[in-house]
Every structure is written in structure tokens, then in C-alpha cells.
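Trainee: Got a sequence here, can you build the structure:
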Amino acid sequence: MKKLEKLAKETLSEKRYHHTRCVVEQAQKLAKIYGCDEQKAMVAAWMHDICKEMKPDEQLQWLTKYGIILDSIQRSQPKTWHGMAACGYVQEKLGIQDKAILDAIRYHTTACGHMKTLDEVVYLADLTSADRDYPDIQYMRQLAQTAIKPAMKYAMQYALRDLVDRGLGISEDSFLAYNYYAQF
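Mentor: Numbering: from 1, shown residues only. Predicted structure coming up:
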């Protein structure tokens, strides 16, 4: 973990590094609650925003190099690219090939319709980390620590409502995630 922490500290701004530390702490806590691999949760959390501050062109290079194809909505939303770009980045720079870790990194922003517990833990850790401050954050944190599927449902409602309010499209991954979690 020290190697990942060092990379995050060297790569990210102070603000983004602080956020990442908070996500790691929350991911570890949620992984314990939901019985998923804490080490994998922490690896994914350390790397979830590693490409966040890269220029969009550099992010696209990582996507292209690792065969990640954006749908038309994703292409129009560069703020969501960093998780997908990080998949290629961590494979090449760190030799991480674990699909579970890569998926948790990839879907921490958009979610998807086939999320595993590790994916949900990292998604919710990013949304509910100690540095986050938005309306309903306390409720969201409480829900994240007590009922993972209802927490994901609430998170997807929140995320999609935000996209609609801003007049943005909904990617296929987010749409499928919403439809899956709507049942809980």
C-alpha cells in the first residue's frame, strides 16, 4: 500500500490526494462491513482518481491503448473518463491485472449493471468519504454502512437526478446500473 500511497501523493494535487486518502479509509470500513477483500478495496481506492487530473487527451490515450470504447454519452462527458483511463494506467504502470480491482476503479464514477460488492464498496466510498459535503451526505453515509443495495439505489437516483438537472445524457453503464438497483 505504501507504493500506491506514494504514487498518489506524487501524482495528485494536495486536495485530490486528501480526497483519495478519505476514500481509502471509507473503502476499508465498507469492505469490513460487507465482507469483501479489504486489500483490493484499498488498492482500488488509492488508484480510483489517479488519472483525474490528467488532460483529457492523455486520458483518451489510456482508453485507446487498453481498448476501452466510450459510448456516445461517455464521449461527451470527459469528467467520467478518469476511472476508465486509470484501468489502463494501473495495468501498465503497476502491473495490476486483477479484474475485480480494475472493474472497481473503472466503474467508480458511472457504475454499471453488473457490479460486484467490491465495485459497490469503492463507488460508495467515493460518494461518502469524510471530505464529501453535499445535501443528504449524513443519510447517504448511514445507508452506505447499513444496506449496500439500497445505498446503491439511492446513489444512482442521486447521480441520475444530477445528470438530468444539468441537462446531460445518461451513459449506458449508468442507465443499466439504475435499472438494476431500482429493484431494491
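
Trainee: mind checking how far the residue nearest the centre of the chain is from His48?
Mentor: For the chain, the residue nearest the mean C-alpha position is His108 (1.6 Å; C-alpha atoms, centre = their mean). To His48, His108 is 5 Å away according to C-beta to C-beta, to the nearest Å. Backbone N, C-alpha and C define where each C-beta goes, glycine included.

Trainee: Buried ones in the helix or strand of the chain with the lowest mean pLDDT, by neighbour count?
Mentor: One helix or strand of the chain scores below all others by mean pLDDT, DSSP states H and E: helix 72-75, with a mean of 91. Under the neighbour-count criterion of 16 or more other C-beta atoms under 10 Å, helix 72-75 has Ile73, Gln74 buried.

Trainee: ok, Tyr139 - contacts?
Mentor: Going by C-beta atoms under 8 Å, 6 or more residues apart in numbering, Tyr139 touches Tyr154.

Trainee: what's the helix or strand for it?
Mentor: Assigned by DSSP states H and E, Tyr139 falls within helix 137-144.

Trainee: By residue count, what's the longest helix in the protein?
Mentor: In the chain, with assignment by DSSP state H, the single longest helix is helix 14-34.

Trainee: next helix or strand past that helix?
Mentor: Next along from helix 14-34, by DSSP H and E: helix 38-47.

Trainee: what's next to that following helix, contact-wise?
Mentor: Against helix 38-47 from outside (C-beta under 8 Å, 6+ apart): 1, 4-5, 7-8, 20, 23-24, 26-28, 30-32, 86, 89-90, 94, 96, 98, 100-101, 104-105, 108, 118, 121-122, 125-126.

Trainee: I'm done for today, thanks for sticking with me.
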